[in-house]
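Engineer: Sequence below, structure please.
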Amino acid sequence: TVLGHAALYLNARIPEINSVCVSDMEELKDFREIIDENTGEVLFLEDKRAPDFNGDRYTMEYQGIDPDRRGPFPAGVGGLRPGGSMINPA
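Structural biologist: Okay, the predicted model is just below:
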């Protein structure tokens, strides 16, 4: 999840952070289950992630790329990095 990636990022950059606490563990989940009150059956999943700003989330997920892990400059690709290319299609 995005919050999990944020916690890893902060821990790597600021090692003094010992723990990150949330008030409800449901906040860490990307989806919320909408359950039928009568049968207890899951009707559908509500996506709690941020809106897709450029419309490529579905395409990236279809290609097996995690859109929440990408950034403007993903590590190890592009530019003059070893094995990199100036073009990053993701």
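Engineer: Going by C-alpha atoms from here, please, whenever you check contacts or count neighbours.
Structural biologist: Fine.
Engineer: Quick test: name the residue nearest the centre of the protein.
Structural biologist: By C-alpha atoms, centre = their mean, the mean C-alpha position of the chain lies nearest to Asp68, the distance being 3.0 Å.
Engineer: unless I'm mixing things up, it is touching Val2, no?
Structural biologist: Yes - between Asp68 and Val2 there is a contact under C-alpha atoms under 8 Å: 6.0 Å.
Engineer: give me the number of residues near the closest residue in space to Asn11 that isn't next to it in sequence?
Structural biologist: Distances taken as C-alpha to C-alpha, 6 or more residues apart in numbering place Ile17 nearest to Asn11, at 6.0 Å, with adjacent residues excluded. By other C-alpha atoms under 10 Å, 11 other residues sit near Ile17.
Engineer: Mind pulling up the pLDDT for Ile17?
Structural biologist: pLDDT for Ile17: 73.
Engineer: Tell me how many other residues crowd Thr59.
Structural biologist: With neighbours defined by other C-alpha under 10 Å, the count for Thr59 comes to 12.
Engineer: And what about it, helix, strand or coil?
Structural biologist: What DSSP: H, G, I helix; E, B strand; the rest coil gives for Thr59 is helix.
Engineer: From Glu16, how far out is Val2?
Structural biologist: 21 Å (C-alpha to C-alpha, to the nearest Å).
Engineer: Which one's more surrounded, these two?
Structural biologist: Neighbours were counted for Val2 and for Glu16 using other C-alpha under 10 Å; Val2 has more, 15 against 9.
Engineer: give me the low-pLDDT residue ranges for this structure?
Structural biologist: For the chain, the stretches with pLDDT under 70 are 1, 20, 69-90.
Engineer: can you give me the strands in it?
Structural biologist: 31-35, 42-47 (DSSP state E).
Engineer: The longest one pairs with which strands?
Structural biologist: Right, the one you point to is strand 42-47. strand 31-35 (antiparallel) (DSSP bridges).
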